[in-house]
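K.L.:
just to be clear, the model below is a prediction. Sequence and coordinates:
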2 protein chains.
Amino acid sequence: MAPIAKPVPIVLAPAGPPSVRPAGTASPAPVISIRDLKTHCLTCSMRELCLPLGLTVDEMKQVDALVANRTKLKKNETLYRAGEPFHALYAIRIGSIKTTVLAEDGREQVAGYHMLGDIIGLDGIGTDRHGCEAIALEDTEVCVLPFVKIEDLARTLPALQRNLHQVMSREITRDQGVMLLLGSMRAEERLAVFLLNLADRYRRRGYSSTEYVLRMTREEIGSHLGLKLETVSRLFSRFQEEGLIQVQGRAVKLLDSGALKRIVGQRG
Amino acid sequence: MAPIAKPVPIVLAPAGPPSVRPAGTASPAPVISIRDLKTHCLTCSMRELCLPLGLTVDEMKQVDALVANRTKLKKNETLYRAGEPFHALYAIRIGSIKTTVLAEDGREQVAGYHMLGDIIGLDGIGTDRHGCEAIALEDTEVCVLPFVKIEDLARTLPALQRNLHQVMSREITRDQGVMLLLGSMRAEERLAVFLLNLADRYRRRGYSSTEYVLRMTREEIGSHLGLKLETVSRLFSRFQEEGLIQVQGRAVKLLDSGALKRIVGQRG
DNA sequence: CGACTAGTTGAGGCCAGTCAATGTTGGTGG
DNA sequence: CCACCAACATTGACTGGCCTCAACTAGTCG
C-alpha cells in the first residue's frame, strides 16, 4: 500500500491560471485524500491544457476512469520505442520528454520536446506501432490513456471527441511549423524561434516566460533544430554577447525578446 | 435537373458540370446513372486509400451521404487559404494539390504534395482555421467532407472513427518523416527520398512506380525539400549523368532505384 | 583523483546558396 | 501553323554559412 491521506494542503507546483469551474459543479466530495489530489483530472493542474479541456465535472470523471495508471520515469528512461506495439497515449503530468525519429542508418532527429500537459504517442495510431522513441529528459510522470478506451468514450462524449481531434490536429500544425523552421530558416532564426516558443509554452503553464531551464543538451537542441551542437553553442554565446539573452549552462534568461522576434524572418 | 442515366460505359474522365448532390437528395435511383458511378465512395477507385477504407457497403453509403459536394479546381486555383475558417476536410478524387505554410515574413514552404486518395485540411481542426494554403497543381477534383458531419457519423460508426484517427495519425508520421529529411539529410539524399516516396505512392495507386510526371516546378520541389531550385536542377542532372534516373523536364523515369536507396543514409 | 560527459571556442573546408547568363518549353494570339 | 513571350529549367562561377575536426575547460560521479 502506498502512503496515504496526510493532511497536507493542496500545493501543486505552478500556482497559476487554470481554475475553471464548469457549470453545474456541485460542492466536492466530503474528504479528499492527497492521492485524489494527485491523480485525478479534476484536480490536475494541467487539466486546462490536456485532454479534459472544457469537459464537465461528470465527463471528467469518466475520463479519469479510463486512465489505466500513471507511470514514473527517471531521467533518460524510455517510455516507448519505435516499432513497439501501440496501445495508449500518454499525458505528461510532471517533467518533460523528447521524442526522436530514427532513419534506417541510425541517424536520429529530435522531433519533439514535450512538457507537462502535452499528449504524446499520437503517431502510433495510424500503424498500431509507435513511430518514434519517447525518452524522459528528467524525472517524469505520465498518465496512461489506453487508446481503445479513449475511442470508446469519445463516441459518447462529443466534447472528448472534439478535444482528441484538436490535440491531433494541433500536433500536425506544430509539425508544420517545425518543417517551416527546418526548411527555410537560418541557424540564428531557428534558435530564436526555439527560445521564444519555449517562453510561450512556459507562460501558458503559469511559469516565467523569460527565465527557464533547458532540459536538453546542446546536441539534442541541435538535433531538434537541424544544427550541430557547436553551432548551437556558438549562437548561445553570440546572443549573449549581443545582450539578447543570458545563458549559464542550461539556464536561460531572455533579456530582449523583441530583438529575438526581429531576428526571425530577417533575410541574412 | 442534371442529365441522367445515359447508357454510357464507365468513363470517369473530368466530364460534366459541378455534379452537386446535396446530402438529403437521396433519390433511390433504381438505375445507376453515370453520375452515380462518378460520385460515390462505393465506386470510387480511391476507396481503398481514402476515408471509407474497410467500411461495409452500408457504412460507406452513410459516408457518401455526408459528402456535401465535389469541387473542381483548375490548375493554380486555391482550395483554401491560411486563416480561413475551417469547416471541412477534402478528399482528392482526381489531380494533385500542394499545401504550403507561410511565415510572417512571407516566406513560403511547401509542406505537402498530395495526390488522389489523400485527405487534406486536417491542420484546421485544432484552431478552426486553416493553417496552410492548398493549391491545385493541375486540374483537380475533391470531395468536400463537412467536419461536424464526420464527427457525428464517427460516433456511430466505429470503423469510420478508427479510419479518421488513422488518417490523422499517418499525417503526423508523415510530417515526422519530413522533419527527419529536412533536419538531417544532405541535398542528394533529400531528392532521392522524394523520388522514391513518389514512386511508392504511385505504385500503391496502381500507377507505374518507375515512371511518372512531376506536378511541381523545380522551385516547389526545392521548397518542399528545403533546397533552392538550382540545387534541385543540378541534382536531377547529376542523377541522370550517373544513370540513376532519366529526366525530361517533369517526366521522370527511375532507372536504378536500388542505387537511389543506397544514397539515402549515406554519410557524405 | 581520474574518467567521463557537457560545453565552449578556434581554424579551415565543403556543401549548398547566390548571382547571372543562357536554353527550353508551353501557351496565346495573329 | 507559326511567332512570340513568359515561365520554367539548366549551367557556371563565386560566396558564405554551417559543418568538421580539434583543443581546451568545467562540472560530476564513482
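P.N.:
Sure, I can see it.
K.L.:
just the CA trace of stretch A:146-157, in CSV.
P.N.:
The C-alpha coordinates for stretch A:146-157 follow below in CSV (Å, rounded to 0.1, in the frame of the first residue of the first chain):
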residue,chain,number,x,y,z
PRO,A,146,-5.5,3.3,-23.4
PHE,A,147,-6.5,4.3,-26.8
VAL,A,148,-9.3,1.9,-27.4
LYS,A,149,-10.9,3.2,-24.2
ILE,A,150,-10.5,6.8,-25.4
GLU,A,151,-12.1,5.9,-28.7
ASP,A,152,-15.0,4.2,-26.9
LEU,A,153,-15.6,7.1,-24.6
ALA,A,154,-15.2,9.6,-27.4
ARG,A,155,-18.2,8.1,-29.1
THR,A,156,-20.4,9.0,-26.2
LEU,A,157,-18.7,12.3,-25.2
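K.L.:
can you list contacts of it?
P.N.:
With contact meaning CB atoms under 8 Å, 6 or more residues apart in numbering or on different chains, stretch A:146-157 is reached by A:51, A:55, A:59, A:62-63, A:66, A:68, A:86-89, A:125, A:160-161, A:164, B:154-156, B:158, B:161-162, B:165. Quick note: C-beta positions are derived from backbone N, CA and C, even for glycine.
K.L.:
just want the residue of the stretch 1-150 of chain A that's nearest DNA strand C.
P.N.:
Proximity of the stretch 1-150 of chain A to DNA strand C (CB to the nearest atom of the strand) peaks at A:N76, 8.8 Å away.
K.L.:
now list the buried members of the contacts of stretch A:146-157.
P.N.:
Taking 16 or more other CB atoms under 10 Å in any protein chain shown as the criterion, what is buried in those is A:51, A:55, A:59, A:62-63, A:66, A:86-89, A:125, A:160-161, A:164, B:154-155, B:161-162, B:165.
K.L.:
show only the entries of these found in helices.
P.N.:
By the criterion of DSSP state H, membership of these in helices covers A:E59, A:Q62, A:V63, A:L66, A:L160, A:Q161, A:L164, B:A154, B:R155, B:Q161, B:R162, B:H165.
K.L.:
the residue lying closest to the first one once chain neighbours are set aside: neighbour count?
P.N.:
When you say that, I think you mean A:E59. Nearest non-adjacent residue to A:E59, counting by CB to CB, 6 or more residues apart in numbering or on different chains: A:L157, 5.4 Å away. By other CB atoms under 10 Å in any protein chain shown, the residues close to A:L157 number 20.
K.L.:
now swap in A:G106 and tell me
P.N.:
7.
K.L.:
what do you get for A:L137?
P.N.:
20.
K.L.:
for it, what are its contacts?
P.N.:
With CB under 8 Å, 6+ apart, A:L137 has these contacts: A:K75, A:G95, A:S96, A:I97, A:K98, A:Y113, A:R215, A:M216.
K.L.:
helix or strand for the fifth one, which one?
P.N.:
Of the helices and strands defined by DSSP states H and E, A:K98 is found in strand A:96-102.
K.L.:
any residue of whichever helix or strand comes after that strand touching chain B?
P.N.:
The helix or strand immediately downstream of strand A:96-102 is strand A:108-115, counting by DSSP H and E. Yes - Strand A:108-115 is in contact with chain B by CB under 8 Å from any CB of the partner chain, via A:E108, A:Q109, A:A111.
K.L.:
which of these sits closest to B:R238?
P.N.:
A:Q109 (25.5 Å; CB to CB).
K.L.:
what's the spacing between that closest one and B:L55?
P.N.:
Per CB to CB, to the nearest Å, A:Q109 is found 36 Å from B:L55.
K.L.:
now A:T231: closest residue in space, sequence neighbours ignored.
P.N.:
Closest residue to A:T231 apart from its sequence neighbours, by CB to CB, 6+ apart: A:A187 at 5.5 Å.
K.L.:
thanks a lot, catch you later.
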